[in-house]
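> Quick one: sequence and predicted model below, then my questions.
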Amino acid sequence: MDSALARNRAAIGAASLIVGPALMSAGDLFHPSESWAPATQVAILADSASHWYAAHLLLFVGIILFIPGILALTEAAASRRPVAGYAARLLMIASVGALSALFVFEMLLGQFVSQRSDQTAAVALLETVQSGAISGALLPGLLAFFIGTGLAVFSFASKADPYRWPALVLALGAILILGEIALAEVLLSQIGNILILVAGIGFARLLLQGRGVASSSPLR
């Protein structure tokens, strides 16, 4: 690969690994509290709809801007463990669609509550999205992010790999975000997104140092 092209790709990937998580961290820091109970959640939105909308807008923009970083990260993973790294790329890119759909719905819900002030209709809308017909379709895409992250982290498992420490931080951040989804505890995702930002900074530094792709390794 041309050296100038390689440097530009590394720079774009590094910027994405910082900017995407930074926006998502910023959005989560002023995210209102959450509840799995639709009526409780809509009541929370009624008092903080603008914060809710802005938080999910930043999360949406952040995940889109994170795509080049995902590509750079999984390219480095595939250079170490081709099968795991390639699977991580497919899963993490697929998850962007599901996460984007979820964030856009949350933005819509915030606008719906703030503009119509119809809590009964908002509760019905949220219940519909939480139904098996909708959440069942989204769930595999959401889980793909965490499975793909796990495979990427596995690719950097060697103690001698410079990517090992940011990978472990990334794993911890992803686990906390998964906990937030399960428990509706916003503090967990706030910490998780900050950890992913720290990991992204670590990955970006290594990419800019030219330590992204390992020497060729057998398929495994």
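Received the coordinates, thanks. Numbering: from 1, shown residues only.
> where do the helices sit along this protein?
3-29, 38-65, 67-80, 82-116, 119-130, 132-155, 164-183, 186-208 (DSSP state H).
> what about the residue nearest in space to the middle of the chain, distance to Ala184?
Nearest to the geometric centre of the chain sits Ile63, at 5.8 Å (C-alpha atoms, centre = their mean). The gap separating Ile63 from Ala184 is 20 Å, by C-beta to C-beta, to the nearest Å. Placement of C-beta: from N, CA and C, glycine included.
> Kindly report the same for Leu207.
35 Å.
> Could you check which of these two has the larger neighbour count?
Using other C-beta atoms under 10 Å as the criterion, Leu207 and Ala184 rank with Leu207 on top: 26 against 16.
> which residues sit in contact with that one?
Contact partners of Leu207, counting by C-beta atoms under 8 Å, 6 or more residues apart in numbering, are 10, 13-14, 17, 72, 76.
> Of these, which is the most crowded?
Going by other C-beta under 10 Å, Leu17 tops the contacts of Leu207 with 30 neighbours.
> residues contacting that residue?
With C-beta under 8 Å, 6+ apart, Leu17 has these contacts: 66, 69, 72-73, 200-201, 203-204, 207.
> Can you tell me which of these is closest to Arg80?
Leu73 (11.5 Å; C-beta to C-beta).
> burial count for that closest one?
For Leu73, using other C-beta under 10 Å, the count is 33.
> try the one 4 residues further on
Using other C-beta under 10 Å, the number of residues around Ala77 comes to 27.
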